[in-house]
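Engineer: mind looking at a prediction? Sequence and model below.
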Amino acid sequence: MRRAPLALAALGMAAAAPALADPAATVIAVPPLSTPTDTKVEGGGTTLGIAWQATQLIATDLRATSELYPVGPDQKDFYSYPEVTAPGFQRWRAKGVKALITGFVEARSDGRLTVGCYVYDVDKGRELGRKGFVVSPGDWRRAAHKCSGLAYSAVTGAPDIFDTRIAYVAESGSGAARTKKIALIDSDGNNQATLTKGDSFVITPRLSPGAQTIAFTSFSGGTPHVELINVDSGERRPLLSGNGMTFSPSFSADGKRIAFAMMQGINSDIYVIGTAGGAPRRLTTAPGIDATPSFSPDGTRIVFESDRSGSPQLYIMNADGSDQRRLSFGSGWYSAPEWSPNGQWIAFTRRTLEGRRVGVIKADGTAEKILTRGTADEGARWAPSSRELVFQRSDASGRQALYRVTLDGEEPRVVATAQDGSDPDWSGVVD
Amino acid sequence: MIRARHLIAAGVAAAAAIAPAAGQFRRMPPQVQPKLVGIDALRAEFFAQSGGDTVYFGGSSVILGAPAKAILMAQARWLRRHPEIVVSIEGHAEAADTRDHALAIGARRAEEVRDFLILFGVPAAQMTATSWGKERVAVAGNSEAAFAANRRVQTVLVR
């Protein structure tokens, strides 16, 4: 179910160029991708048709961001194949455009397609980056997402989120007939898939960095425990061999370690174990509930929640358990933290008398802000761009859906899922 | 005491007096409650004699209040009389708790109940404790009434 890595097509020397200076809503022209020869492709359509569809998808991707403002696509703005690498900058300067994306779709002799994309700084008349992919005709969407990502990263300097996936729990039925399955969806809403059968409850799927493995908590056998599932094969195995209650799994950014919580009696503590196996190492010993660990991106620190002070609050410690310090001091509860991929922010769920809401705080404990105004929002997880979060919102009847919200506090947008969705987790960029 | 004995005697006499009358309706279909057998009968008896199979908690608390302790003492009495019965102590939390915190709170509540039952003489081997977190809500919704109904531990007779 995991997609194979896209084959990179050689596009010659890529010019190393710095990102554009001002990332605030850069106007980018998205004229129709070109094709050297309009060729029929397997499964119907032609290269020119796919080029037009891909152009529309790129514009849709970029329109969904707050940093880029796409102009087009307009079929009047077509250009010839040689102009892909030698665009007429004067024409775009006259329209006030700051950046430009060009590209082509070409049929290969083996039935596959080469999709190439180029991003330019229009004012300076300079290339910012290029990427090429070899895909089967049915996979053109992924190549288009990669082109969107190229443009986004070249302009903002941040990792893109277009070819990423969201793992979540798909819920259906009610009462005793309720089922919960581990599910995956592309972040643009396509390619829905479920990985477990729903014969036992599952919660909190957490993707490994490359999205090959998902760690989650399973209720099979009665005691909640962490399991790992291979996204390709569907093969499952428990994280630990014992009968203890384990939960809150979380991968390190290099994928080599998993932090988790284990319950012993009335006490829950944080442990860490190698992904390949070995003995778990205990990191916390405070009485009470220590849970929901999340590694810093460099793997040296862990943020987690603890009720050692009376109510749940956020704490940071070194990855060996030393130097445990309290991070949050506001009223109410702070819970379910996740460290942002760029290391700057920690997302959390805060519970006050007004309800549960999603917010962020700097890793040094400053600049806290609440991003949502719902009464039952929780479980915020970072997009790889560190500029956006996906979270779960419950309505008055307890039905749950996934939403995404940007750090600038715009109204959250629904992530459309086939069934009710909870416990989302956003992957990194899938290669 | 004497009065009580008189009452019992009167009751027996009354029953004897109406017996022939009851016999006249022998051909009527039985209209009694369905008779529970096996584990269902035991569950019903356990529920009736303990004053309930579920105890409730206040706020974010894992502390047992007086009503909960009264029920658990009755549960302990019943369980001591039935050493052949194994029970699952199942802790739950309210929907307002975040997912994993709910799981841990449910486990703590179950453990508190298990420890209390052990204190009142139930052998540890007769019980297992687990948590459903907020996965099996008794009452759906985001109201305080729904939250209160879900902050609970249920003693489930397994076999």
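Structural biologist: Sure, I can see it. Numbering: from 1, shown residues only, chains lettered A, B, ... in the order given.
Engineer: what parts of chain B come near chain A?
Structural biologist: For chain B, the residues found near chain A under the criterion C-beta under 8 Å from any C-beta of the partner chain are B:60, B:62, B:88, B:95-101, B:103-105, B:107-108, B:111-112, B:128, B:130-133, B:135, B:137, B:140-142. For glycine as for every other residue, the C-beta is placed from the backbone atoms N, C-alpha and C.
Engineer: show me where the chain has its helices.
Structural biologist: Picking chain A for this. A:47-63, A:89-93, A:140-156 (DSSP state H).
Engineer: try chain B instead
Structural biologist: With helices called from DSSP H, chain B shows them at B:2-23, B:38-50, B:66-81, B:99-119, B:144-150.
Engineer: now the second one, how far from the centre of its chain.
Structural biologist: In terms of C-alpha atoms, centre = their mean, to the nearest Å, the gap separating the centre of helix B:38-50 from the centre of its chain is 8 Å.
Engineer: low-confidence ranges in chain B?
Structural biologist: Per-residue confidence of chain B (counting by pLDDT under 70) places the weak regions at B:1-36.
Engineer: what sits against the residue nearest in space to the middle of it?
Structural biologist: The centre of chain B sits closest to residue B:53, judged by C-alpha atoms, centre = their mean, with a distance of 1.9 Å. Taking C-beta atoms under 8 Å, 6 or more residues apart in numbering or on different chains, we find residue B:53 in contact with B:43, B:46-47, B:75, B:154-157.
Engineer: mind redoing it with 10 Å?
Structural biologist: Shown in contact with residue B:53 (C-beta atoms under 10 Å, 6 or more residues apart in numbering or on different chains): B:43-44, B:46-47, B:71, B:75, B:87, B:90, B:152-157.
Engineer: in TSV: the residues you listed, plus neighbour count.
Structural biologist: Below are the contacts of residue B:53 laid out as TSV (neighbours: other C-beta atoms under 10 Å in any protein chain shown):
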residue	neighbour count
B:43	16
B:44	13
B:46	22
B:47	16
B:71	20
B:75	26
B:87	24
B:90	23
B:152	23
B:153	28
B:154	19
B:155	28
B:156	15
B:157	20
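Engineer: and of those residues, the nearest to chain A?
Structural biologist: Using C-beta to the nearest C-beta, residue B:90 is the member of the contacts of residue B:53 that sits closest to chain A, with 9.2 Å.
Engineer: which strand residues bridge the nearest residue to the closest one once chain neighbours are set aside?
Structural biologist: For residue B:90, the nearest residue in space outside its immediate sequence neighbours is residue B:154; the separation is 5.0 Å by C-beta to C-beta, 6 or more residues apart in numbering or on different chains. With DSSP bridges as the criterion, the beta-bridge partners of residue B:154 are residue B:54, residue B:90.
Engineer: what separation do you get for residue B:154 and residue A:298?
Structural biologist: Distance, residue B:154 to residue A:298, by C-beta to C-beta, to the nearest Å: 45 Å.
Engineer: got it, and residue B:71?
Structural biologist: Computed as C-beta to C-beta, the residue B:71 to residue A:298 distance reads 52 Å.
Engineer: same question for residue A:382.
Structural biologist: According to C-beta to C-beta, residue A:382 and residue A:298 sit 15 Å apart.
Engineer: those two: who's more crowded?
Structural biologist: A direct count of neighbours by other C-beta atoms under 10 Å in any protein chain shown for residue A:382 and residue A:298 places residue A:382 higher, at 24 against 12.
Engineer: tell me, how many residues neighbour the residue nearest to the more buried one when sequence neighbours are not counted?
Structural biologist: The shortest distance from residue A:382 to any non-neighbouring residue, by C-beta to C-beta, 6+ apart, is to residue A:340 (5.0 Å). Using other C-beta under 10 Å, the number of residues around residue A:340 comes to 23.
Engineer: just residue A:373 next, same as before
Structural biologist: Residues within reach of residue A:373, counting by other C-beta under 10 Å, total 13.
Engineer: ok, it - contacts?
Structural biologist: By C-beta under 10 Å, 6+ apart, the residues touching residue A:373 are A:354-355, A:357-358, A:409, A:411-412.
Engineer: next: residue A:417.
Structural biologist: Contacts here follow C-beta under 10 Å, 6+ apart; on that basis residue A:417 touches A:166, A:168-171, A:183, A:185, A:189, A:192, A:400-402, A:424.
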